[in-house]
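> Sequence and predicted structure are below.
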Amino acid sequence: MTQQTYPAFTILLVDDEPAWLKSLSLTLKSCAGLTNIVTCQESSEVMGLLDRGGVGLVLLDLTMPHLSGEELLRQIGERHPEVTAIVVSGLNQLETAVRCMRLGAFDYFIKTDEEDRIVGGVLRAVRKVEMERDYRELADRLASGELRHPEAFAPIVTADRGMLALFAYVEAVAKSPQPLLITGESGVGKELVARAAHTLSGCRGKLVTVNVAGLDDTVFSDTLFGHVRGAFTGAEQVRRGMVEEAADGTLFLDEIGDLSIPSQVKLLRLLQEGEYFPLGSDQPKRLSARIIVATHQDLVAKEESGAFRRDLFYRLRTHQVQIPPLRERPGDIPLLLDHFLAEAATALGKKKPTPPRELAPLLATYGFPGNVRELKAMVYDAVSIHRERMLSMDSFVKAVGKSQAQAPPVSQKSRQNPFAGFPQLPTFSEAAGFLVDEALARAGGNQTFAARLLGISQPALNKRLKLLRETNTSPPP
């Protein structure tokens, strides 16, 4: 497999000493994994190279024939302010460094500085350029409000505005090398969003999914980083870790909120340094995969309680999406119901049944703690026992009623009084009218379901409706 170049933009090295250019290129490639590098020995050619586009970062010397480094800095600032410049010079003079910074240099290094210091400065500049490009891309996408590749989100059935805005955000940050954090309750479709982000990333490698819930630190390290032969008792063969399996692709770590603190430290190093050590090895390997993580847990609360490292939390949330639960997008229930009916019928070798008109309104009254995954299970269960043309509602009514019956009772203190704060209280008849009207609206006009919502029998509801009509106290629409 051809290795993908990194970063997405070109790094231009400018110096009239070919030996220094070769040495710096090799250092940046071996120590930082930077491969998208172009060298130039003639300072007079630099502006022409920049005019062609594609260059995001320039490293230049100061003392060169034709155009000096300071003059180049001035021209770059005037003609290409979007390009970041770093000075790597043989001159160790404070005044010169100050002038360069005033001309817009991002950093200033001496050629005799330690290798790690120069590499670290270049990596900081690379991340700066990446973040600026991500921001511009995100602003452009969100401003347009349109998806360029809606097909990437085809497996996610929705017409919800919030979900469509989420898709636009994911599309905008999909090509970013920074981590993507996906949060949301269990069953909302976090892995589907991760797959869409991978599809849109343009990565040539595959998507590798690892559920890290329940992994202790040793198993986590072995799973992600692999081991060399003899690393521990029983390690008779070399094992490639999932980080290596995901090379030039995407590594998706699910249930990241369950990681132990020692494992969090190792993940933080992987993200910060871009390197890792297989168990039993003292030779680091470079990370060449995009990292996407997901959790159903509240990482803010875990960070505040000390169960999740603050530095890792802020590192992971560079790009973040929160998938809303199904109960917050009831308009998707009819779409999902139709989708899962067709899917279940195909999987079970049956003709797609016709759902009763009252089914979608009934499901809209349910909270779906298991979200889309729970709805899918309900539909498959109903289709598996389906015999007639019209789909029976019995299994749905039973599942909804059982779940509601098992829900813990709401304490009197936590129950909000809907009339609290009213300047004038309604009469009993008026309050009953409001309740009946709301129940019928939620039940789609079905009196059986409306009575169930109110906790009364259908004859009692009929009696109440008749009384309301006679007294003409029904609340206005």
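Now that the structure is in, tell me what you want to look at. Computed from a prediction, not measured in an experiment: that's the story for all the values here. Numbering: from 1, shown residues only.
> Quick check: closest non-adjacent residue to residue 250.
Once flanking residues are discounted, residue 250 sits nearest to residue 198: 4.1 Å by CB to CB, 6 or more residues apart in numbering. Just so you know, the C-beta spots here come from the backbone N, C-alpha and C atoms, and that holds for glycine as well.
> Relative to residue 151, how far out is that neighbour?
From residue 198 across to residue 151, the span is 14 Å (CB to CB, to the nearest Å).
> Could you list the domains of this protein?
Structural domains annotated on the chain: 10-136, 155-324, 327-406, 428-471, as defined by automatic domain parsing.
> Compare the ones you listed and report which one is nearest to residue 417.
Set against residue 417 and scored by CB to CB, these come closest in domain 428-471, at 11.8 Å.
> can you list the weak-confidence ranges in the stretch 1-150 of the chain?
Applying pLDDT under 70 to the stretch 1-150 of the chain flags residues 1-4, 142-145.
> need the strands for it, in chain order.
Along the stretch 1-150 of the chain, counting by DSSP state E, counting those that start in this stretch, strands occupy 10-14, 37-40, 55-60, 84-89, 107-110.
> Kindly report the same for the stretch 201-350 of the chain.
Ranges of strands in the stretch 201-350 of the chain, per DSSP E, counting those that start in this stretch, are 207-211, 226-227, 239-240, 250-254, 275-276, 285-286, 290-295, 319-322.
> what helices or strands is the fifth one leaning on?
Read it as strand 275-276. helix 261-273, strand 285-286 (3 or more CB pairs under 8 Å, 6 or more residues apart in numbering; DSSP states H and E).
> same deal with the third one?
When contacts are defined as 3+ CB pairs under 8 Å, 6+ apart, strand 239-240 sits against strand 226-227.
> mean confidence for the strand it packs on?
Strand 226-227 comes out with an average pLDDT of 93.
> helices or strands up against it?
The contact analysis (3+ CB pairs under 8 Å, 6+ apart) places strand 226-227 against strand 239-240.
> ok, and what's touching the strand it packs on?
222, 226-227, 278 (CB atoms under 8 Å, 6 or more residues apart in numbering).
> What pairs with that strand, parallel or antiparallel?
Strand pairing for strand 239-240, using DSSP bridges, gives strand 226-227 (antiparallel).
> Quick check: end-to-end length of stretch 315-331?
This stretch, stretch 315-331, spans 35 Å end to end (CA to CA, to the nearest Å).
> coming back round to it: can you tell which of the strands of the stretch 1-150 of the chain is closest to residue 343?
strand 55-60 (44.6 Å).
> related to what we said a few turns ago, could you provide the strands of the stretch 1-150 of the chain in CSV, with additional columns for mean neighbour count and distance to residue 468?
Below are those laid out as CSV (neighbours: other CB atoms under 10 Å; distance: least, CB to CB, whole Å):
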stretch, mean neighbour count, distance to residue 468
strand 10-14, 22, 74
strand 37-40, 16, 78
strand 55-60, 24, 69
strand 84-89, 23, 71
strand 107-110, 19, 76
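> can you tell me which of those comes nearest to residue 172?
Of all these, strand 55-60 sits nearest to residue 172, with 17.9 Å by CB to CB.
> Tell me what angle the closest one forms with strand 84-89.
Computed with axes from the mean of the first three to the mean of the last three CA atoms, to 10 degrees, the direction of strand 55-60 lies at 20 degrees from that of strand 84-89.
> which other helices and strands contact strand 55-60?
On a contact count with 3+ CB pairs under 8 Å, 6+ apart, strand 55-60 meets strand 10-14, helix 46-51, helix 69-79, strand 84-89, helix 115-144.
> just to revisit the earlier point, among the helices and strands packed on strand 275-276, which gets the worst mean confidence?
strand 285-286 - the lowest mean pLDDT of those, at a mean of 88.
> In stretch 336-344, which of the residues would be classed as buried?
If you call a residue buried by 16 or more other CB atoms under 10 Å, then stretch 336-344 has these buried ones: 336-337, 339-341, 343-344.
> Which pair in the residues you listed has the greatest spatial separation?
For those, and using CB to CB, no pair is farther apart than 336 and 344, which are 11.8 Å apart.
> mind giving me a markdown table with the helices and strands packed on strand 55-60 and columns for distance to residue 164?
Output for these, formatted as a markdown table (distance: least, CB to CB, whole Å):
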| stretch | distance to residue 164 |
| --- | --- |
| strand 10-14 | 34 |
| helix 46-51 | 38 |
| helix 69-79 | 39 |
| strand 84-89 | 34 |
| helix 115-144 | 11 |
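> Select, out of the ones you listed, the one closest to residue 192.
Among those, helix 115-144 comes nearest to residue 192, with 19.7 Å by CB to CB.
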